[in-house]
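# predicted model, plus sequence, below.
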Amino acid sequence: MSTHNYDAVRKDIAAILQKPGYDDGSAGPVFVRLAWHSSGTYDAETDTGGSNGAGMRYEAEGGDPANAGLQHGRAFLEPIKEKHPWITYSDLWTLAGVVAIKEMGGPDIPWQGGRTDLIGDTKVPPRGRLPDGAQGADHLRFIFYRMGFNDQEIVALTGGHNLGRCHGDRSGFEGPWVTNPTRFSNSFFKLLLQLDWKPRKMASGMTQFVYEDPDAEEDEEPLMMLPTDMSLLTDPAFSPWVKRYAEDKELFFDHFSKVFAKLIELGIRRDAQGAVTNTDGTLGGYVSAPKKSNTATGPPRARL
Ligand code: HEM
């Protein structure tokens, strides 16, 4: 067997996506968020953070409140790492996001392996680099321009909120954005435009936006939007993209594929053959994965 059989890993990830009893029955959304948070720490100016490293294995990054709940995603992937120990966590986490998006009906996203894992927590990116859903358009620009994204890319990336849900015990926000949160589509943009969103203060003290469907069953939870999501509607440079993505699913899929591929390559340098070149501490500050297990804190365990 080849030591780099990524197709076998893809198949094994696809096979564990269904999780009866967990959230909406799928690990897909939490894998997408894991891939995004493992990459979205990138700072272009200092060339630090990004998808090399898999620093969430360490408390310094994994314990960041912004990453609350992602331990479930990491734990779900642990059997895959055990079966294919040659793959790095940073490759596994980004690949899991890509496989999950495809399996949930989303676009193909180009993915290449070769990322390396940090050994030790001295070079994990500082906390505070991920976006705060309680804020608005200025904050989104501050966070995503730092990574090298533009306004169109910010809107396309936020379309990740077609998947999954907010959890009161993780972020303080609650509920799904769309009615079918395990099916990738452009519903997020359609609903953002069409529904009548009203602010509501949650038990956690956080204010989110909810849609109260007058025809909803009594036990049906309302759909929600974060303040950052709402800012896409009101900002003059963001809102034209919301409209275009709501009208044109193909365009959204095409742009989402490109921007997610860019996201998971943040901080990665490759030579002409695609081999990652910043693996030795001289460029990105990362060291190559050791031959045996590189589990830093032992396998994470899901608290379901
Ligand atoms: C634009 C800035 C963003 C903010 C402020 C933000 C914020 C949040 C928050 C507060 C949650 C809920 C976490 C929880 O309670 O479990 C969440 C979930 C999620 N986010 Fe984002 N996010 C952003 C961008 C993105 C991007 C770029 C993607 C992927 C392309 C993404 C994908 C997801 C997914 C899939 C979930 C659901 C996770 C689950 O079901 O466990 N988000 N996000």
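Nice, I can see it. Residues are numbered from 1 along each chain as shown.

# neighbours of the closest residue to residue 276 other than its chain neighbours, how many?
Distances taken as Cβ to Cβ, 6 or more residues apart in numbering place residue 114 nearest to residue 276, at 3.7 Å, with adjacent residues excluded. No exception for glycine: its C-beta is placed from N, CA and C like everyone else's. Taking other Cβ atoms under 10 Å as the neighbour definition, residue 114 ends up with a count of 16.

# I'd like the numbering to begin with 20 instead of 1 from here.
Renumbered: residue one is now 20, and that last one reads residue 133.

# what's residue 284 in contact with, if anything?
The contact partners of residue 284, taken as Cβ atoms under 8 Å, 6 or more residues apart in numbering, are 58, 70, 131.

# pLDDT for these - can I get that in JSON lines?
Shown next, in JSON lines, are these (pLDDT from 0 to 100):
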{"residue": "58", "pLDDT": "98"}
{"residue": "70", "pLDDT": "96"}
{"residue": "131", "pLDDT": "97"}
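
# among these, which one sits closest to the ligand?
Closest approach to the ligand among the contacts of residue 284 (Cβ to the nearest ligand atom): residue 58, at 9.3 Å.

# thought the residue nearest to residue 295 was touching residue 288?
No: with contact defined as Cβ atoms under 8 Å, residue 133 does not reach residue 288; the gap is 10.1 Å.

# mind listing the shared neighbours of these two?
residue 295.

# let me know the pLDDT of residue 312.
Looking at residue 312, its pLDDT is 39.

# and if you look at the one 5 residues further on?
Looking at residue 317, its pLDDT reads 40.

# got the contact list for residue 206?
Counting by Cβ under 8 Å, 6+ apart, residue 206 touches 181, 196-199.

# most neighbours of all the residues you listed, which one?
Top of the contacts of residue 206 by neighbour count (other Cβ under 10 Å): residue 181, with 29 neighbours.

# in what helix or strand does the nearest residue to that residue once chain neighbours are set aside lie?
Spatial nearest neighbour of residue 181, excluding adjacent residues (Cβ to Cβ, 6+ apart): residue 207 at 4.3 Å. Following DSSP states H and E, one finds residue 207 within helix 206-213.

# now do the following helix or strand past that helix: which elements does it pack against?
Sequence-wise, the next helix or strand downstream of helix 206-213 (DSSP H and E) is strand 217-220. Using 3 or more Cβ pairs under 8 Å, 6 or more residues apart in numbering; DSSP states H and E, the elements in contact with strand 217-220 are strand 226-230.

# ok, and for the strand it packs on, which residues are buried?
Neighbour-count burial for strand 226-230, counted by 16 or more other Cβ atoms under 10 Å, picks out 227-230.

# CSV for the residues you listed, including pLDDT and distance to residue 217?
Below are the buried residues of strand 226-230 laid out as CSV (pLDDT from 0 to 100; distance: Cβ to Cβ, whole Å):
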residue, pLDDT, distance to residue 217
227, 98, 10
228, 98, 7
229, 98, 6
230, 97, 7
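
# identify the residues contacting the helix or strand encompassing residue 79?
Assigning secondary structure by DSSP H and E places residue 79 in helix 78-81. Residues outside helix 78-81 that contact it (Cβ under 8 Å, 6+ apart) are 60, 74-75, 86, 89-90, 93, 140, 143-144, 146, 316, 319.

# average pLDDT for that helix, rounded please.
96.

# quick one, strands of this structure?
184-185, 194-195, 217-220, 226-230, 242-244 (DSSP state E).

# tabulate the ones you listed (JSON lines), appending distance to residue 31.
As requested, the strands of the chain are exported to JSON lines (distance: least, Cβ to Cβ, whole Å):
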{"stretch": "strand 184-185", "distance to residue 31": "25"}
{"stretch": "strand 194-195", "distance to residue 31": "27"}
{"stretch": "strand 217-220", "distance to residue 31": "41"}
{"stretch": "strand 226-230", "distance to residue 31": "36"}
{"stretch": "strand 242-244", "distance to residue 31": "33"}
